[in-house]
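Engineer: attaching a predicted model along with its sequence, questions to come.
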Protein chains: 2
Amino acid sequence: MVLTEKHRHILLKAEELFAVRGFDGATVRDIADAAGVNLAMISYYFGSKEKLMEALFRERMTLMRIRLETLIMDDNYTPIQKVDILIDEYVNKVIQQQSFYKIMLCEQVINNNPLVLKMLRELKLSYANLVGVLIEAGQKQKIFKKDIDVMFLLNTMTGTVTQMVINKEYYKEYNNYKKLNAADFNELLRTKLSAHVKLVFKAILGYEQ
Amino acid sequence: MVLTEKHRHILLKAEELFAVRGFDGATVRDIADAAGVNLAMISYYFGSKEKLMEALFRERMTLMRIRLETLIMDDNYTPIQKVDILIDEYVNKVIQQQSFYKIMLCEQVINNNPLVLKMLRELKLSYANLVGVLIEAGQKQKIFKKDIDVMFLLNTMTGTVTQMVINKEYYKEYNNYKKLNAADFNELLRTKLSAHVKLVFKAILGYEQ
DNA sequence: GATAATTTCAAACAAATGTTTAATTTTGTT
DNA sequence: AACAAAATTAAACATTTGTTTGAAATTATC
């Protein structure tokens, strides 16, 4: 399906609502209202609510895998540099696309849409495989230690980052960052998260510097 | 509200359904069927679907905070021992109560029930405060390094553990653990998660041994 | 500018949802 | 055994839900 500007606008508004109310909680009427279009337009443009969700996942997930693949295969970086880039880019992406990552998280728990589940599955396994290649390269160069569990490594990153994003407001409150505006706070979070995950990765992968 | 065995039985079945379909996705009819009671019994026993959810949270969350408080105040353990116990008990609890932790995760994202949100908030903040006390004790003894961000520390633990539990099946598949039965696999996960989080905590808190 | 294709709309539709009702059965008490 | 309280039930209720319809408005094509 080719997406027009109208498609993308509806997807954006649907995304915001799904992130706050969940797939079942956000009604088609809510989405139509938020997008400023008639109720019937959702079915007209996407076929159904389910297919709208599928379109959203297809749209948001398209670029994810490709980027990682080019990074892993890039010969201009050392394994350590690649790990740092991987972390930076992941943290950036989650902070930039908070709504979608919240939806992804819920969809991993709630078993709603088979097609969405399949896409998540493929993304996860290909991520594990690609990062596995990176780890092995680092191990061959004696930079990373032996016996790295790729899934533990990845889930530590994804879990820490999503958890911090979900609990953003508590973090803000706990550290008295109330005076910061949303953009500045996101920037602070981005910097701290990158540094933190990098520290954790050093411990798991077993390298210094 | 005093909970009878019947109450608890319905809560258990509701918990299983909420974990798989979400609050909005699990219908009162589904829950009644799963519990083997008449549809009207849900309202009769709990008042409403929302109140059933609140009762579930009240029931499951009651013991959480108290346990941590006694651990932190216990003088028989060193800070490092307390950290290890904290991790072990958290991992055990999540693996033992996977359904409820999945529900908690979704409720943190989806803003459904104000009372549930309030309970989550209180749990999170009191957890942060109590662990903060533990960290400071360790810092005073020069065991932990300075400038520990308690929320980053906690979210690394909760994020990693929940992420591993959510992606259990992928992990099983990726590592060819298909032959293991559910109980054995949970045990394996428990052991590996404990060791992994302890390693990560050592790096964050900055101690050896 | 006439015609066709596309987009938009209000209304209607059937199905599903949480909750209530009022009658019936079961349980407890004396 | 007789009565009262509690538990259970099938049916009904009013909303809300996703989706469709058929007419109207808009845009594109010749």
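Structural biologist: Noted; the coordinates are in hand.

Engineer: please count neighbours and contacts with C-alpha atoms only from this point.
Structural biologist: Noted.

Engineer: for A:Leu120, give its distance to chain B.
Structural biologist: Look at A:Leu120 and chain B: by Cα to the nearest Cα, to the nearest Å, they are 11 Å apart.

Engineer: average pLDDT for stretch A:57-77, rounded please.
Structural biologist: For stretch A:57-77, mean pLDDT is 90.

Engineer: my guess is A:Ala152 contacts B:Thr162, does it?
Structural biologist: Ala isn't right for residue A:152; it's Phe. No: here A:Phe152 lies out of contact with B:Thr162, judged by Cα atoms under 8 Å, at a distance of 11.4 Å.

Engineer: give me every residue that touches the residue lying closest to A:Leu205 once chain neighbours are set aside.
Structural biologist: In space, and not counting its chain neighbours, A:Leu205 is closest to A:Phe144: 5.1 Å by Cα to Cα, 6 or more residues apart in numbering or on different chains. By Cα atoms under 8 Å, 6 or more residues apart in numbering or on different chains, A:Phe144 lies in contact with A:Ile135, A:Gly138, A:Leu205, A:Gly206, A:Tyr207.

Engineer: give me the pLDDT for the fourth one.
Structural biologist: Confidence at A:Gly206, expressed as pLDDT, is 93.

Engineer: what sits against it?
Structural biologist: A:Gly206 neighbours (Cα under 8 Å, 6+ apart): A:Ile143, A:Phe144, A:Lys145.

Engineer: take those and lay them out in CSV including secondary structure, pLDDT and distance to DNA strand C.
Structural biologist: CSV is the format used below for the contacts of A:Gly206 (DSSP: H, G, I helix; E, B strand; the rest coil; pLDDT from 0 to 100; distance: Cα to the nearest atom of the strand, whole Å):
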residue, secondary structure, pLDDT, distance to DNA strand C
A:Ile143, coil, 95, 54
A:Phe144, coil, 97, 50
A:Lys145, coil, 95, 51
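
Engineer: DNA strand D: which of these is nearest?
Structural biologist: In terms of Cα to the nearest atom of the strand, no member of the contacts of A:Gly206 lies closer to DNA strand D than A:Phe144, at 48.5 Å.

Engineer: from A:Ala203, how far out is that closest one?
Structural biologist: 10 Å (Cα to Cα, to the nearest Å).

Engineer: what's the helix or strand for A:Asp24?
Structural biologist: helix A:5-25 (DSSP states H and E).

Engineer: can you confirm whether the helix or strand just after that helix lies near DNA strand D?
Structural biologist: As assigned by DSSP H and E, the chain's next helix or strand after helix A:5-25 is helix A:28-35. Yes: using Cα under 7 Å from any atom of the strand, helix A:28-35 comes into contact with DNA strand D via A:Val28, A:Arg29.

Engineer: report the longest helix in chain A, please.
Structural biologist: In chain A, assigned by DSSP state H, the helix with the most residues is helix A:114-140.

Engineer: from the chain's centroid, how far away is that helix?
Structural biologist: A distance of 14 Å separates the centroid of the chain from that of helix A:114-140, by Cα atoms, centre = their mean, to the nearest Å.

Engineer: for chain A, which residues are neighbours of chain B?
Structural biologist: Contact residues, chain A versus chain B (Cα under 8 Å from any Cα of the partner chain): A:19-22, A:24-25, A:102, A:105-106, A:108-112, A:121, A:125, A:151-152, A:155-164, A:166-167, A:170-171, A:174, A:196, A:199-200, A:203-204.

Engineer: out of the residues you listed, who's near DNA strand D?
Structural biologist: By Cα under 7 Å from any atom of the strand, the members of the residues of chain A next to chain B lying near DNA strand D are A:Asp24, A:Gly25.

Engineer: list only buried entries from the residues of chain A next to chain B.
Structural biologist: A:19-22, A:24-25, A:102, A:105-106, A:108-110, A:112, A:125, A:151-152, A:155-164, A:166-167, A:170-171, A:196, A:199-200, A:203-204 (16 or more other Cα atoms under 10 Å in any protein chain shown).

Engineer: and these near DNA strand C, which?
Structural biologist: Near DNA strand C, judged by Cα under 7 Å from any atom of the strand, there are no entries from those.

Engineer: from the residues you listed, which land in helices?
Structural biologist: Using DSSP H, these in helices are A:19-22, A:24-25, A:102, A:105-106, A:108-109, A:125, A:151-152, A:155-164, A:166, A:170-171, A:196, A:199-200, A:203-204.

Engineer: low-confidence regions, chain A specifically.
Structural biologist: Residues of chain A meeting the criterion pLDDT under 70: A:209.

Engineer: around DNA strand C, which positions in chain A sit nearby?
Structural biologist: Residues of chain A lying near DNA strand C by Cα under 7 Å from any atom of the strand: A:Val37, A:Asn38, A:Leu39, A:Ala40, A:Met41, A:Tyr44.

Engineer: now with 10 Å, please.
Structural biologist: A:4, A:6-7, A:24, A:29, A:32-33, A:35-45 (Cα under 10 Å from any atom of the strand).

Engineer: now the buried members of those residues.
Structural biologist: Judged by 16+ other Cα under 10 Å, buried ones among the residues of chain A next to DNA strand C: A:His7, A:Asp24, A:Ala32, A:Ala35, A:Ile42.

Engineer: got phi/psi on the last one?
Structural biologist: This means A:Ile42. Dihedral angles of A:Ile42 (phi, psi; degrees, to the nearest 10) stand at phi -60, psi -50.
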